[in-house]
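Novice: sequence and predicted structure, then a few things I'm wondering about:
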Amino acid sequence: MAAQFGIQSEFNPDVHDFDIFIRKLKSFFVANAIVNEERKRAILLNALSENAFVLLENLALPAKPENISFDDIVKLFETYYKPTRVVFAERFAFYATKKWDSETIQEYAVRLRGLATHCKFGTSLDNALRDKFICGFEKGKILDMFFTKDEHLTFQEAIQAATATDVANHSYRLPATVQVKGENIYKLDYQEVKDQRTGYRSGPRNREQSSRGQTTRFRRADTSNTNTSSGSSWRQTGMSSCKVCGGGNHGTQRCFYREYTCTFCGAKGHLRRICKKVFSMLVHPKSKGYIELRSSDPLDSPKFYANYLSDPEYHDVRTFIAAIREKQRISQSPSLKRYGAEIVDT
């Protein structure tokens, strides 16, 4: 028995495309030198799933699939699965597409070729692919590079130029260097005294010597740590920060903002700048919503249909899942564990 080349997979109409399946099957016949029509038909029928075989029986009535030639079976399936295509609808989808942030330049070029399959561009196919390939980029270095090219650029040359610019942009991105200018830092040596006349305690004055014996002195602070920021003095004294606003010169119960509501998470009792909750946000969604008029009255508010997470390729869903996984990874890092970071159910 001669060795068999290749593996013939099953055709499931719910999963596979018949045009691709039959082309692979014919290549399988060529690789194994199968020319007998009855053997071709037998292999084709054996490769059909149960649903596909039932469909073929219904298409072939009143004849039986075993009594129909291989070519006739292929014609029945091609007629049934042949989609009704409108050229202008195909071209609209071709021209409306943009390069996705999640795909590479090569993936973008391959997707464009697939969209142009049924557009019937003819001899102008290369120019159409080149123009749409360039116009699909957002503003940036790649698009600026294309503006320097002439009109004789081919589609393949455009792919190579975009790839080279993208690689150069990522390979030679130098880290930014920060130079800190060394200056003397002074801090106020606060000495609180009691006013003998009024009985109230007073703070430092803007003059070197007060009229009632209160002295305000300035001395140079320790500048050994250049990263010391304003407000670090209360941390060095052991005072805990306010859990409402983050300040260090008062307690939580005395905070002026303790009745405020956080504008980020909506919880009461703290400000947005110290909110510990982290939310995922979709910056470039692929899902598209729409707006409808509520009535003929121009003063009526319109109807909004957000259609969140409705893109057919589930790009938004995959992006959100990746963001959640990243938050889980970061929350387990030693740096955040020191501050008691944890994932809570809401």
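Specialist: Happy to help now that I have it. Numbering: from 1, shown residues only.
Novice: before we move on, what SS does Phe133 have?
Specialist: helix (DSSP: H, G, I helix; E, B strand; the rest coil).
Novice: any idea how far Phe70 is from it?
Specialist: Relative to Phe70, Phe133 is positioned 40 Å away (CB to CB, to the nearest Å). In short, each C-beta sits where N, CA and C put it, glycine included.
Novice: give me the distance from stretch 109-121 to the chain's centre.
Specialist: Stretch 109-121 sits 24 Å away from the centroid of its parent chain (CA atoms, centre = their mean, to the nearest Å).
Novice: what ranges do the strands span in the protein?
Specialist: 186-189, 193-194, 201-202, 217-220, 290-292, 303-305 (DSSP state E).
Novice: so for the third one, mean pLDDT?
Specialist: It refers to strand 201-202. For strand 201-202, mean pLDDT rounds to 48.
Novice: what's the answer for the fourth one, then?
Specialist: Confidence over strand 217-220 (mean pLDDT, whole number) is 46.
Novice: ok, the first one next?
Specialist: Strand 186-189 shows a mean pLDDT of 48.
Novice: likewise the fifth one?
Specialist: Mean pLDDT, taken over the full extent of strand 290-292, equals 88.
Novice: and it, what does it pack onto?
Specialist: With contacts defined as 3 or more CB pairs under 8 Å, 6 or more residues apart in numbering; DSSP states H and E, strand 290-292 has these neighbours: strand 303-305.
Novice: list the contacts for Lys288?
Specialist: For Lys288, the contacting residues are 307, 310-311, by CB atoms under 8 Å, 6 or more residues apart in numbering.
Novice: burial measure for the nearest residue to His118 once chain neighbours are set aside, as a count.
Specialist: Closest residue in space to His118, ignoring its immediate chain neighbours: Glu90 at 4.6 Å, by CB to CB, 6 or more residues apart in numbering. Residues lying near Glu90 (other CB atoms under 10 Å) number 16.
Novice: can you tell me how far Glu90 sits from Pro83?
Specialist: For Glu90 relative to Pro83 (CB to CB), the value is 10 Å.
Novice: again with Ala158
Specialist: Distance of Ala158 to Pro83, given as CB to CB: 30 Å.
Novice: out of these two, which sits in the more crowded spot?
Specialist: Between Ala158 and Pro83, Ala158 has the larger neighbour count (other CB under 10 Å), namely 20 against 5.
Novice: where do the helices sit along the protein?
Specialist: With DSSP state H as the criterion, the chain has helices at 18-31, 37-47, 50-60, 70-81, 87-96, 105-115, 125-135, 141-146, 155-171, 232-236, 315-331, 334-337.
Novice: where does the stretch 51-200 of the chain have low pLDDT?
Specialist: In the predicted model of the stretch 51-200 of the chain, residues 171-200 satisfy pLDDT under 70.
Novice: likewise for the stretch 201-346 of the chain?
Specialist: Checking the stretch 201-346 of the chain against pLDDT under 70 turns up 201-240, 339-346.
Novice: ok, now with 80
Specialist: 201-241, 246-249, 251, 264-266, 272-281, 283, 312, 328, 331-332, 335-346 (pLDDT under 80).
Novice: who's in contact with Ala128?
Specialist: Going by CB under 8 Å, 6+ apart, the list of residues near Ala128 reads 94, 116, 119, 121.
Novice: let's go with 6 Å and repeat that
Specialist: Contact analysis of Ala128 by CB atoms under 6 Å, 6 or more residues apart in numbering lists Phe121.
Novice: closest one of the contacts of Lys288 to Ser49?
Specialist: Of all these, Ser49 sits closest to Asp311, with 29.4 Å by CB to CB.
Novice: give me the neighbour count for the closest residue to that closest one other than its chain neighbours.
Specialist: In space, and not counting its chain neighbours, Asp311 is closest to Lys286: 3.9 Å by CB to CB, 6+ apart. Counted with other CB under 10 Å, the neighbours of Lys286 add up to 19.
Novice: distance of Lys286 from Asp101?
Specialist: Taking CB to CB, one finds Lys286 at 10 Å from Asp101.
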